[in-house]
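> with the sequence up front, the predicted model follows.
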Amino acid sequence: MEAIVASVRQVLQEAGLEADDSVVVAVSGGVDSMVLLDVLDDLGGRLHVAHLDHALRSNSAADSRFVAGEAKRRGLACSIERRDVEACARAAGLSLEAAGRRQRYAFLDQVAARIGAEFIALGHHADDQAETVILRLLRGSGATGLGGMEIAREGRYLRPLLGVRRAEIEKYARQRGLRYREDTSNRDWRFLRNRVRGELMPLLKGYNANIAEVLNRTAALLKAEDHLLAALAQEALDTVVCERCNDKVTLDSNRLLAYHIAIQRRVLRAVLQGLAAAEGPFYFARIEQVRNWIGAGDKHLRELGAGLRGQSCGTRYILRRGQRPPLARCFEIPGVLVLREHGVKIRVQIVSPEHFDQAALGGVQVALDADRLGAQVQVRSLQPGDRFQPLGMKGHKKLSDFLIDAKWPKISRDEVLVLARGEEIAWVAPLRSSHAFRIKSTTRRIALCTLRHWVGD
């Protein structure tokens, strides 16, 4: 028993848990969670018992009553909730296991937020870790997945028993005389983990009696190497990313391809998963496909799944989520217009020709004849049939043809805005101003227009 207590105490100390920190303890009623609760209760601290009824068994309510009674006996606060995991699985198109995990963590997070708990303690042990490695191997995981579960994830999810074998946990329960519930769903062969536990692990023990220890050791080795690769990938990410905003990341293709292939894959996975948020994950096949497109300089607009698109543009590869909504806004000049939906702001200042520095001009800053422009302008998205006279050209040109000639990527067409007076386009931002609104020798006032990226509060 002392070894289990020492193991749990060490995990709590390394996590930085203080005496007055609140801990939500996930308690199913099984032997693992009851032993975890007993050890934590003996060690002291502010504990809050949390139990989720998955509504998958006819007698699941009895487990809830058992956990509530145990919490009351120990004088601990308790939160119990029932959720229809099977209905959630159908609605989200998930397996029962995946839906149960999603609902379980959502419940624990909500309890922790409600009571202000800093940590959530989970009852996973070394045999669970061995099964997890096997499951992820069957699914084709890389080093990150095969590294198994973290003892401390995200600084708040703690698994104090992860280094303890199930046999030791059961021995502790016997010596302490702990009561616990047997979950009959552990014998339900619909769940892959149960088949791994009941069929595959006994078979593997025929080849190596210490297979659980071997798998735990392998997970520990891979986890350490994964942490190193993650740090290297983060350094590469900081170098490779040229532009980043909420819905877009632009990569330097040459710099990305100069890294080792393992780093390339990790950088792409991090970028794709970051853009897709909860809609991923992105598995090996898709990451490899994107990597090959970047290597080939593929200029086609590609659909990547989870609402993402990608396209090469010269030495850059652009990744985008969704599309920006069309807009049309009027504003008085001089003035500033903030366009939150596009993440930019447009400023128009009036200056005299004597204080005008033409050297500062470019695509994101143009100078127009203020009197020609007028006192009110419109900023809008592109529209079919738009035409304008690019600065320095004699004739008019379709805006669609102008963007093609400028090699503006199709993936970013919805980022282009026009500043117009009535039907006349004065500026295609951030590319070119109109010849019709150019500065001439007779110009008395200059409208200095600037486009800048904007990050809201």
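Nice, thanks for sending it over. Residues are numbered from 1 along each chain as shown.
> checking the residue nearest to R324 when sequence neighbours are not counted next. Helix, strand or coil?
Nearest residue to R324, sequence neighbours excluded (CB to CB, 6 or more residues apart in numbering): D414, at 4.6 Å. All C-beta spots, glycine's among them, are computed from the backbone N, C-alpha and C. Secondary structure assignment for D414 (DSSP: H, G, I helix; E, B strand; the rest coil): helix.
> count the neighbours of D414 for me.
Per other CB atoms under 10 Å, the neighbour tally for D414 reads 17.
> tell me how far it lies from D127.
Using CB to CB, to the nearest Å, D414 is found at 52 Å from D127.
> over to G295?
Separation of G295 from D127 (CB to CB): 43 Å.
> the two: which has the busier surroundings?
Counted by other CB under 10 Å, G295 and D127 do not tie: D127 has more neighbours, with 19 against 14.
> give me the contact list for stretch 306-313.
Contacts to stretch 306-313, defined as CB atoms under 8 Å, 6 or more residues apart in numbering, come from residues 253, 272, 275-276, 279-280, 282, 290, 293-294, 297-304, 317-322, 407, 409-412.
> ok, 7 Å please
Contacting residues not belonging to stretch 306-313 are listed as 253, 272, 275-276, 279-280, 290, 293-294, 297-304, 317-322, 409-411 [CB atoms under 7 Å, 6 or more residues apart in numbering].
> ok, of the residues you listed, which come out buried?
253, 272, 275-276, 280, 290, 293-294, 298, 302, 304, 317-321, 409, 411 (16 or more other CB atoms under 10 Å).
> now, which of these lie within strands?
Counting by DSSP state E, the buried ones among the contacts of stretch 306-313 place R302, L304, Y317, I318, L319, R320, R321 in strands.
> now for the residues you listed: which two are most distant?
The most widely separated members of these are Y317 and R321, with 14.6 Å between them, by CB to CB.
> got phi/psi on V366?
Note on V366: its backbone torsions stand at phi -130, psi 160 [degrees, to the nearest 10].
> quick one: list the elements packing against the helix or strand where L228 lies.
Using DSSP states H and E, L228 sits within helix 211-240. Using 3 or more CB pairs under 7 Å, 6 or more residues apart in numbering; DSSP states H and E as the contact criterion, the elements in contact with helix 211-240 are helix 126-138, helix 143-146, helix 201-205, helix 253-258, helix 261-276.
> lowest average pLDDT across those?
In terms of average pLDDT, helix 143-146 trails the rest of the helices and strands packed on helix 211-240, at a mean of 89.
> the stretch 301-450 of the chain: helices as residue ranges?
Counting by DSSP state H, counting those that start in this stretch, the stretch 301-450 of the chain has helices at residues 370-373, 399-405.
> could you list the domains of the protein?
Domain ranges of the chain: 2-205, 223-321, 328-453, per automatic domain parsing.
> among those, which is nearest E213?
Of all the domains of the chain, domain 2-205 sits nearest to E213, with 7.8 Å by CB to CB.
> mean confidence for the helix holding L228?
Helix 211-240 carries an average pLDDT of 95.
> neighbouring contacts of stretch 68-76?
Outside stretch 68-76, the residues touching it (CB under 7 Å, 6+ apart) are D41, L47, H48, V49, C78, I80.
> in TSV: the helices of the stretch 301-450 of the chain, plus distance to F66 and mean neighbour count.
As requested, the helices of the stretch 301-450 of the chain are arranged in TSV below (distance: least, CB to CB, whole Å; neighbours: other CB atoms under 10 Å):
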stretch	distance to F66	mean neighbour count
helix 370-373	76	20
helix 399-405	67	15
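> sorry, back to before: dump the contacts of stretch 68-76 into CSV; add secondary structure, pLDDT and distance to T443 as well.
Below are the contacts of stretch 68-76 laid out as CSV (DSSP: H, G, I helix; E, B strand; the rest coil; pLDDT from 0 to 100; distance: CB to CB, whole Å):
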residue, secondary structure, pLDDT, distance to T443
D41, helix, 95, 81
L47, strand, 96, 75
H48, strand, 97, 71
V49, strand, 97, 76
C78, strand, 97, 76
I80, strand, 97, 75
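> and the residues you listed, which of them are buried?
By neighbour count, with 16+ other CB under 10 Å, the contacts of stretch 68-76 hold D41, L47, H48, V49, C78, I80 as buried.
> now flag whichever of the residues you listed is closest to L17.
Lowest distance from L17 to the buried ones among the contacts of stretch 68-76 (CB to CB) belongs to L47, with 11.4 Å.
> and the closest one, bridged to which residues?
Beta-bridge partners for L47, by DSSP bridges, are V23.
> my read: I439 touches L448, true?
No - in this structure, I439 is not within contact of L448 by CB atoms under 7 Å, at 10.3 Å.
> spit out the residues that contact those two alike.
Common contacts of I439 and L448 (CB under 7 Å, 6+ apart): A367.
> name the residues that touch stretch 206-216?
With CB under 7 Å, 6+ apart as the test, stretch 206-216 has contacts from A126, D127, Q129, A130, V133, I134, R165, M201, L204, K205.
> which residues does the residue nearest to R324 contact?
Contact analysis of D414 by CB under 7 Å, 6+ apart lists Q323, R324, S381.
> same thing but 10 Å
Neighbour list for D414: R320, G322, Q323, R324, P325, P326, L327, H342, S381, L382 [criterion: CB atoms under 10 Å, 6 or more residues apart in numbering].
> which non-adjacent residue is nearest E131?
V196 (5.2 Å).
> for R82, same thing?
Counting by CB to CB, 6+ apart, D53 is the residue found nearest to R82 once chain neighbours are left out, at 4.0 Å.
> where do the strands sit along the stretch 51-200 of the chain?
Taking DSSP state E, counting those that start in this stretch, the strands of the stretch 51-200 of the chain run over residues 77-82, 119-121, 152-153, 157-158.
> okay, these in a markdown table with distance to S352 next?
As requested, those are exported to a markdown table (distance: least, CB to CB, whole Å):
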| stretch | distance to S352 |
| --- | --- |
| strand 77-82 | 68 |
| strand 119-121 | 63 |
| strand 152-153 | 61 |
| strand 157-158 | 62 |
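> so which of these is nearest E18?
Nearest to E18, of all the strands of the stretch 51-200 of the chain, is strand 119-121, at 10.1 Å by CB to CB.
> ok, and what's touching the closest one?
8, 11-12, 15-17, 21-27, 33, 36-37, 39-40, 45, 47-48, 50, 105, 108-109, 111-112, 152-161.
> now, those that are in helices?
Among the contacts of strand 119-121, the members found in helices (DSSP state H) are 8, 11-12, 33, 36-37, 39-40, 105, 108-109, 111-112.
> ok, the nearest residue to D386 once chain neighbours are set aside to A406 distance?
Nearest residue to D386 in three dimensions, chain neighbours excluded: L399, at 3.9 Å (CB to CB, 6+ apart). Separation of L399 from A406 (CB to CB): 10 Å.
> which neighbours do those two share?
Common neighbours of L399 and A406, using CB under 10 Å, 6+ apart, are P390, V416, V428, L431.
> so which of the strands of the stretch 51-200 of the chain is nearest D183?
Of the strands of the stretch 51-200 of the chain, nearest to D183 by CB to CB is strand 77-82, at 15.6 Å.
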